[in-house]
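Student: With the sequence up front, the predicted model follows.
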Amino acid sequence: MGIFKRFLVLTLAVTLLAGCGKTSEADSSKPETFDDKVDAIVNSMSLAEKVGQMVMIGVHGTEINDDSRYMLNQYHIGGVIFFDRNLQSAEQTKKFTADLQAQAGKVPLFIAIDEEGGPVARGRDFIEVPPAAQSLGQGGDNTKAEAWAQKTGAYLKELGINVNFAPVADVGTNSREYAADGQTVAKFVAAAAQGYESAHEIYTLKHFPGIGRGTVDSHFERSEIPATKDELLAQDLVPFKEIIANHSPENFMVMISHLVYPALDKTHTASLSAEIQTKLLRQELGFNGVIITDSLEMGAVSKYGDFRSLGVQAVQAGADIALVCHEYPHETDVYLGLLDAAEKGVISEERINESVKRIVKMKLLHKS
């Protein structure tokens, strides 16, 4: 080959290589998608940090203190629930939520409250109490449910509380329930969902798959719902199905009850049942969002298992967040039990990642 031909071949090769380099550089500079951002945050977390995202705790006091600071930092806790013991005034609450958020790790905290209205409401001295669900349902005007949800959600957001454990989607005759038929409840819950979404407040459907038929308070004891699956689908599950089918899963959580539904799982409470959480809620109803347990300190589960194992069982069943509302030793045990299970491979890191991605995605979308 002559010198000139060799020169042309070499030039062409250099040009092609340079072109490849430019293409690669262009590819690497493509804008990062939202899911890429979520993945990057989750991938940057240690296993201990990931597990912390999957635990929500109650704290004591009306301001951050050594105990709450220790829990948030030592165990990387991802969420806090407020009770009346934490609430004195609007100004105090705003400072408290801000101080707690200052302790957050790579993503903000969930800060939650039970502000249903009627008999279940916190901070009555400065948070306007919405009407009980039953009174709204009896009034027949679902736009009032939407208006109250929007008003309540906006004020909670202003206080720094970004999750409300409402609306109640149960079907029954209790004051906490909109009505005794599934279609009416679905109409009111859908209106409330719209109100919370207008306020950009995360809301929570509770208590899946419905506790309206219950006669025993699960704060104290375990009980069964003797309904067939067809009966549950025709009534109790209707409100849940309505929201899951028509609303983005990034806007709401589903809280799991501690009742036993023998037609679905003869042995386990819903909060510890893969048949109910994974098979029914995830696979059959298609819910892809965050599942949270009711408090694991409630007698329906705490009388039948230790805290180190309860969180593990809940996550193995399909839950993303284990809620522990009151005692620091119980909260610590739930976290350490989950971490130990993750470290030993009893719960795979892939399974942990599934939950943490859902949690991080919701937090980023609702970041103030």
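Tutor: Noted; the coordinates are in hand. Numbers count the residues shown, from 1 in each chain.
Student: where exactly do the strands run in this protein?
Tutor: 55-58, 79-81, 110-113, 163-164, 203-208, 252-256, 290-293, 322-324 (DSSP state E).
Student: quick one: average confidence on the last one?
Tutor: Over the span of strand 322-324, the pLDDT mean works out to 98.
Student: Which other helices and strands does it contact?
Tutor: strand 55-58, strand 290-293, helix 307-317, helix 328-343 (3 or more Cβ pairs under 8 Å, 6 or more residues apart in numbering; DSSP states H and E). (C-beta placed from N, C-alpha, C; glycine too.)
Student: pull the CA atoms of stretch 322-335 into PDB?
Tutor: Written as PDB, here are the backbone C-alpha positions of stretch 322-335 (Å, rounded to 0.1, in the frame of the first residue of the first chain):
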ATOM      1  CA  ALA A 322     -43.600  -0.800  59.200                       C
ATOM      2  CA  LEU A 323     -45.400   1.600  61.500                       C
ATOM      3  CA  VAL A 324     -44.500   1.600  65.200                       C
ATOM      4  CA  CYS A 325     -46.200   4.500  67.000                       C
ATOM      5  CA  HIS A 326     -45.100   4.800  70.600                       C
ATOM      6  CA  GLU A 327     -42.200   3.100  72.400                       C
ATOM      7  CA  TYR A 328     -38.600   3.600  71.400                       C
ATOM      8  CA  PRO A 329     -37.600   0.000  72.400                       C
ATOM      9  CA  HIS A 330     -40.300  -1.400  70.100                       C
ATOM     10  CA  GLU A 331     -39.300   0.900  67.300                       C
ATOM     11  CA  THR A 332     -35.600  -0.100  67.700                       C
ATOM     12  CA  ASP A 333     -36.500  -3.800  67.700                       C
ATOM     13  CA  VAL A 334     -38.500  -3.500  64.500                       C
ATOM     14  CA  TYR A 335     -35.600  -1.700  62.800                       C
END
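Student: Go ahead and name everything in contact with it.
Tutor: 51-52, 54-58, 60, 67, 71, 75, 77, 81, 83, 255, 292-297, 302, 306-308, 310-311, 314-315, 338 (Cβ atoms under 8 Å, 6 or more residues apart in numbering).
Student: what's the answer for stretch 185-193, then?
Tutor: Against stretch 185-193 from outside (Cβ under 8 Å, 6+ apart): 133, 136-137, 142-143, 145-146, 148-149, 166-167, 169-171, 177-179, 203, 205, 238-239, 241-243, 246-247, 251-252.
Student: now swap in stretch 117-125 and tell me
Tutor: Contacts of stretch 117-125 (Cβ under 8 Å, 6+ apart): 82-84, 87-89, 93, 113-115, 127, 129-136, 148, 152, 166, 175-176.
Student: Can you dump the C-alpha atoms of it in PDB for me?
Tutor: Output of stretch 117-125 as PDB, limited to C-alpha atoms (Å, rounded to 0.1, in the frame of the first residue of the first chain):
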ATOM      1  CA  GLY A 117     -62.100  14.300  61.300                       C
ATOM      2  CA  GLY A 118     -64.900  13.700  63.900                       C
ATOM      3  CA  PRO A 119     -63.600  11.500  66.700                       C
ATOM      4  CA  VAL A 120     -60.200  10.900  65.200                       C
ATOM      5  CA  ALA A 121     -58.300  14.200  64.900                       C
ATOM      6  CA  ARG A 122     -55.100  15.600  66.400                       C
ATOM      7  CA  GLY A 123     -54.100  19.100  67.400                       C
ATOM      8  CA  ARG A 124     -57.700  20.300  68.000                       C
ATOM      9  CA  ASP A 125     -56.500  23.600  69.600                       C
END
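Student: What average pLDDT does that stretch get?
Tutor: Mean predicted confidence for stretch 117-125 is 96.
Student: for it, which positions count as buried?
Tutor: Under the neighbour-count criterion of 16 or more other Cβ atoms under 10 Å, stretch 117-125 has Gly117, Gly118, Val120, Ala121, Arg122, Gly123 buried.
Student: so where's the stretch 101-250 of the chain uncertain?
Tutor: Across the stretch 101-250 of the chain, residues meeting the criterion (pLDDT under 70) sit at 216-218, 220-222.
Student: ranges for the helices of it?
Tutor: 133-139, 142-159, 182-198, 229-231, 238-246 (DSSP state H, counting those that start in this stretch).
Student: Tell me which of the ones you listed lies nearest to Gln283.
Tutor: For the helices of the stretch 101-250 of the chain, distance to Gln283 was read as Cβ to Cβ. The smallest value, 12.1 Å, belongs to helix 238-246.
Student: Run the chain-centre distance for that closest one.
Tutor: Taking Cα atoms, centre = their mean, to the nearest Å, one finds helix 238-246 lying 16 Å from the centre of the chain it belongs to.
Student: neighbouring contacts of that helix?
Tutor: 169, 171, 182-183, 185-186, 189-190, 193, 205, 208-210, 252, 254, 281, 285-287.
Student: how close does Ile359 sit to Pro130?
Tutor: 27 Å (Cβ to Cβ, to the nearest Å).
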